[in-house]
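*Asks:* Attaching a predicted model along with its sequence, questions to come.
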Amino acid sequence: MKKLALLLIVLFALPLFAEDGPALFKAKCAGCHGATGAGDTSVGKSLKVTPLGGADVQKLSDADLSRVITGGKGKMPAIGKTMTADQVKALIAVVRSFAKK
């Protein structure tokens, strides 16, 4: 009975996390891109990561960003292969939030 209750909790909680863009970004992207998307981590600096808030990234369409997240590009791995479409959309929203104002 306890296993069933735990399974139900996980199944109901998973969609809440699944679309939580900031949590996904922190778990999957911040290691290289940094918390602010500036690429200011040691890994980001060594890979010369393009700042996510810069014009080069922000001018990309959502479809282009989705392709990069899903398929990778250059040194960036294809992290989105294991994500749902909603998770990828949530990450794109985080990337858009880094736009310079």
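*Replies:* That came through fine.
*Asks:* so for stretch 47-56, what's the average pLDDT?
*Replies:* For stretch 47-56, mean pLDDT is 95.
*Asks:* sorry, that was for stretch 26-43
*Replies:* 96.
*Asks:* Likewise for stretch 70-78?
*Replies:* Taken as a whole, stretch 70-78 has a mean pLDDT of 94.
*Asks:* How far does it sit from its chain's centre?
*Replies:* Offset of stretch 70-78 from its chain centre (C-alpha atoms, centre = their mean, to the nearest Å): 12 Å.
*Asks:* tell me the SS of Pro51?
*Replies:* Following DSSP: H, G, I helix; E, B strand; the rest coil, Pro51 is assigned to coil.
*Asks:* Quickly note the distance from it to Val57.
*Replies:* 7 Å (C-beta to C-beta, to the nearest Å). Glycine gets a C-beta too; all of them are placed from N, C-alpha and C.
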